[in-house]
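>>> Generate coordinates for the sequence data below:
(chains A and B)
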Amino acid sequence: MASSRQGIRGVVITEDKRTERFFRGLLVALGFEKRGFRFLTAPSGVGAGEAWVREQYPTEVRYLRSRSYQALCVVAVRDGDNVGVSKRKAELDHALTNAGLAVRQPKEAIATPVPTWSIENWLLDLLGHEGVDEGQCPSDAPKTPWKRVFERDHAADERSALRGAVGAWVSPRSAPPELPSLTDGRSEMDRIG
Amino acid sequence: MFKRIFIDNYRCFTNFELVPGRVTLLLGPNGGGKSSLFDLLTAVVDLTRQGADVREVFPSESLTRWDKRERQRVEFDVEGNGGVYHYELVVEQSAEGGPTLIESERVTRDGKTLFAFHDSNVHLHRNDGSPGASFAFRGTRSFLAQIEERGETRDLMWLLNFLEDVWTIRLNARAMESGSLEEEETLARDGSNFASWYRHLTQEIPDRLQALWSALKPVVPGLQALKLLSSGGKGRARDLVAAMTTAGSAYDVDFDELSDGQRALIALYTLLEGIPDAGCLLLDEPEAHIGLAEVQPWLVELDEKFAQSGQVFVISHHPEVIDYLAASEPMMVERPDGGPARARVVKFDRDSGLPASQQLARGLSDGE
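Numbers count the residues shown, from 1 in each chain, chains lettered A, B, ... in the order given. As a prediction, this is how the structure comes out:
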């Protein structure tokens, strides 16, 4: 599997650096060649990162479809926030139709993972943190976003945390069940090769 | 890492303050002060580590032209070694051709004085801040350059070692020659001594150079390794040679026969392996010479190197660099109305959907 993935080229569109770094590591762990990918990450600033990803998405899908004879793929990652996986995916389909393009087809090498609430929920879940859900904050600490929990526990060695999370993706633990958006994300990544 | 830099009365800087991140992209118009910021930090490193004469690194021409004051001030805070260091330097530029002298210099760690120089006297302090020896010293140079590693200077030496690992790099591929007379521990600012620095690395980090060759194979097609060969005469002179293969045929090429872009790429990738892990890189237009498709792959490696340790400042006007690093900590250094330089955080408009470079080109980016 790894060798066939090394010829695949693609683009990864993300909302922030942490998400980019996680998916960069994940692609390598899944057997893809890092140099084959371009990483488009929303600039820091004001406004929604997910909106920036949504704006880039049609351009990349159009390019992919124009090069159908090449092994190309698109990975567009947007946080689920309070919207959730299915609505986020529908928004991307809508972005395509607004740009005069057909919605994503089942066999297309286009992955749209939706970490919900955000990438930190995934990372904590992958790292075996207990009680992680897809909400913004832990139920027993309603004013402490999961993002802050991740930074509190892992910011000092984020590189190791990302490596551990990637390792848990490729060698999933047997129990307990993982976040639904994470399970969906795995099937999304299966689409690209 | 640097947490704050303050400069007053140096070139275009008047009460200038910069609060950088771990990976800081420095943006701004030509003449905004970005390269002067690097020059200032380089001057402090030369003063405190190389023992440079203060007149060489703070010449009278470095005074802010529209400012009549004769004192120049530099401060910075550095986080590390379990605390926060504060460094202060005041340079007195005498009017009418008199001597340029260090008026005062001070290092503290978490508020405890580790070193002080004022009134032509050096005051050494122990790690706990208690006073040690005091003696007269002329302020034409920094006594910090003479501090040696001892038990009592352990905490002070941490900062001095940190400063030694602040490297300013603006590569000039044309200046990178094959010959090396001896090993050199650091890469020159223009990369001209790359052969001698690489020679040093072969002794210090041979394992990491093996990894470097793996990384470089797709970057410089045909390149197998770099070799140091005897120059033929007596002595330790060596020539840096690129071992290449094409269609199964192996051959050697002198390093300076490689293209400008190939030399720059090799130097940039080697830099990521060769700079100490906690080092601070000041990169001025690193993308110069290299092909468009190779810019982002190298930036990705830069991001992996500095995501968690060390620190890097990058000056660039190149869209590839701007668009990739704009997701880190972009800072604008500019001179509103041609006055003193100011630094501000750049806040791009993500709702616009435009790449950061396009927002800059259209003058859309805001800041605080």
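
>>> Which helix or strand contains the closest residue to chain B within chain A?
Nearest residue of chain A to chain B, counting by C-beta to the nearest C-beta: residue A:55, 2.8 Å away. To be clear about C-beta, it is placed using only N, CA and C from the backbone, and glycine gets the same treatment. Assigned by DSSP states H and E, residue A:55 belongs to helix A:49-66.

>>> What of residue A:185?
helix A:180-190.

>>> and residue B:211, what pLDDT?
Listed pLDDT for residue B:211 reads 87.

>>> And for it, the neighbour number?
A total of 11 residues lie near residue B:211 under the criterion other C-beta atoms under 10 Å in any protein chain shown.

>>> tell me the contacts of the closest residue to it other than its chain neighbours?
Leaving aside its sequence neighbours, residue B:211 sits nearest to residue B:273 (C-beta to C-beta, 6 or more residues apart in numbering or on different chains; 7.1 Å). By C-beta atoms under 8 Å, 6 or more residues apart in numbering or on different chains, the residues touching residue B:273 are B:201, B:205, B:208, B:209, B:211, B:212.

>>> Kindly write the PyMOL command that selects the buried subset of those residues.
To isolate in PyMOL the members of those that are buried, counting by 16 or more other C-beta atoms under 10 Å in any protein chain shown, one can use:
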select buried, chain B and resi 201+209+212
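
>>> Narrow the contacts of residue B:273 to those in helices?
B:201, B:208, B:209, B:211, B:212 (DSSP state H).

>>> who are the neighbours in contact with the residue of chain A closest to chain B?
Contacts of residue A:55 (C-beta under 8 Å, 6+ apart): A:95, B:352, B:353.

>>> For it, give its distance to residue A:92.
11 Å (C-beta to C-beta, to the nearest Å).

>>> again, but for residue B:342
40 Å.

>>> got it, and residue B:84?
Residue B:84 is 45 Å from residue A:92, by C-beta to C-beta.

>>> quick one: which of those two has more around it?
The neighbour count for residue B:84 versus residue A:92, taken as other C-beta under 10 Å, is higher for residue A:92 (21 against 15).

>>> right, and the more buried one touches residue A:76 too?
Yes - counting by C-beta atoms under 8 Å, residue A:92 does reach residue A:76; the two are 6.5 Å apart.

>>> Now list whatever residues contact both of these two.
A:54, A:57, A:112.

>>> how about stretch B:284-295, does it reach chain A?
No - judged by C-beta under 8 Å from any C-beta of the partner chain, stretch B:284-295 and chain A are separated, with a smallest distance of 9.4 Å.

>>> Buried by neighbour count: which residues of that stretch qualify?
For stretch B:284-295, by 16+ other C-beta under 10 Å, it's B:284, B:285, B:286, B:287, B:289, B:290, B:294, B:295.

>>> out of those, which are inside helices?
Secondary structure from DSSP H places B:294, B:295 of the buried residues of stretch B:284-295 in helices.

>>> Lowest-confidence one in the buried residues of stretch B:284-295?
pLDDT across the buried residues of stretch B:284-295 is lowest for residue B:289, at 90.

>>> hang on, it packs against residue B:260?
Yes - Residue B:289 is in contact with residue B:260 according to C-beta under 8 Å; the separation is 4.6 Å.

>>> what is in contact with those two at once?
Joint contacts of residue B:289 and residue B:260 (C-beta under 8 Å, 6+ apart) are residue B:173.

>>> For stretch B:229-236, what does the pLDDT average out to?
80.

>>> Oops, could you answer that again for stretch A:83-101 instead?
Taken as a whole, stretch A:83-101 has a mean pLDDT of 98.

>>> Residue B:173: neighbour count?
Counted with other C-beta under 10 Å, residue B:173 comes out at 23.

>>> pLDDT at the nearest residue to it once chain neighbours are set aside, what is it?
In space, and not counting its chain neighbours, residue B:173 is closest to residue B:260: 3.8 Å by C-beta to C-beta, 6+ apart. Predicted confidence (pLDDT) at residue B:260: the value is 96.

>>> Tell me, how many residues neighbour residue B:260?
Counted with other C-beta under 10 Å, residue B:260 comes out at 15.

>>> Just list the residues touching it, thanks.
The neighbourhood of residue B:260, defined by C-beta under 8 Å, 6+ apart, consists of B:173, B:174, B:289.

>>> Tell me the residues on the stretch 101-250 of chain B that lie near chain A, please.
Close to chain A, as judged by C-beta under 8 Å from any C-beta, the stretch 101-250 of chain B has residues residue B:218.

>>> what about residue 193, how many residues close to it?
Since you didn't name a chain, this refers to chain A. Neighbours of residue A:193 (other C-beta under 10 Å): 19.

>>> meant chain B, my bad for not saying
Neighbour tally, residue B:193, other C-beta under 10 Å: 23.

>>> From residue B:240, how far out is it?
On the measure of C-beta to C-beta, residue B:193 and residue B:240 end up 11 Å apart.

>>> Identify the contacts common to those two.
Contacts common to residue B:193 and residue B:240, judged by C-beta under 8 Å, 6+ apart, are residue B:180.

>>> Could you check how far whichever residue of the stretch 251-368 of chain B sits closest to chain A is from residue A:93?
The nearest approach of the stretch 251-368 of chain B to chain A comes at residue B:353, 2.8 Å away (C-beta to the nearest C-beta). Counting by C-beta to C-beta, the gap from residue B:353 to residue A:93 is 17 Å.
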